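J.: curious how this folds, go ahead:
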Amino acid sequence: MSAAEDQADVEKVVAGDTSAFENIVRRWQGPLVNLAYRFCRDRGRAEEMAQEAFLRAFRSLAQWRREAAFSTWLFALATNLCCSELRRIPVRTVGLDDIVEPRDHRAIDGGLEHEDRDQVVRRAVFALPPKYREALILFYFHDMDIATTARSLTLPEGTVKARLSRGREMLRNKLSKQLGEPLVRKEA
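T.: Prediction:
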């Protein structure tokens, strides 16, 4: 996904060639739906949020100041939309203490298989309070660095670091019992 292609398409749209926006949608539709899905865990709702993000981006293209990559601006817009939508109509969540400790009864040690472990971790992340969940999703699931995560959430980098730290601690406390081992860390 080329930043030069994004910039060229934005310039065409701003100049009046609205058909160039189709290229932007084609390039970024999958990533935006994935981003929204990781926030709401509902494919239909994720597609609607991505569509709304594209509509808002189209209306605001002239406001992109080119201080950051187009993709960063688009993801920040989409992240803000997802957060607003989830505040308006929250996802039904389960408390961390209510997550059942799944066990693979076939394993001698009662441990979890790799896929089960991933599911337990993801469920636990989605059960976190939104401010911690949002930071963790962007940082870990979308492999954003601290600066990009902070821009996407329109927060200072220090706040993002604090939320990541607190979110990891909450997960570590709950999951260390379930997984029987410490979580692998991606340091901020």
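
J.: by contact count, what packs against the helix or strand of the chain with the lowest mean pLDDT?
T.: Within the chain, no helix or strand scores below helix 114-126, which has a mean of 77 by mean pLDDT, DSSP states H and E. For helix 114-126, the elements it packs on are helix 130-136, helix 157-179, judged by 3 or more Cβ pairs under 8 Å, 6 or more residues apart in numbering; DSSP states H and E. (Each C-beta comes from the backbone N, C-alpha and C, glycine too.)

J.: the next helix-or-strand element following the first one packs against which elements?
T.: Going back to what we said before, that points to helix 130-136. Remark: after helix 130-136, the chain's next helix or strand is helix 146-153, criterion DSSP states H and E. Secondary-structure packing of helix 146-153 (3+ Cβ pairs under 8 Å, 6+ apart): helix 70-88, helix 130-136, helix 157-179.

J.: now the ones you listed as JSON lines including mean pLDDT and mean neighbour count?
T.: Shown next, in JSON lines, are these (pLDDT from 0 to 100; neighbours: other Cβ atoms under 10 Å):
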{"stretch": "helix 70-88", "mean pLDDT": "90", "mean neighbour count": "19"}
{"stretch": "helix 130-136", "mean pLDDT": "89", "mean neighbour count": "21"}
{"stretch": "helix 157-179", "mean pLDDT": "87", "mean neighbour count": "17"}
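
J.: save these as JSON lines, and put in distance to residue 123 too.
T.: Below are the helices and strands packed on helix 146-153 laid out as JSON lines (distance: least, Cβ to Cβ, whole Å):
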{"stretch": "helix 70-88", "distance to residue 123": "17"}
{"stretch": "helix 130-136", "distance to residue 123": "11"}
{"stretch": "helix 157-179", "distance to residue 123": "10"}
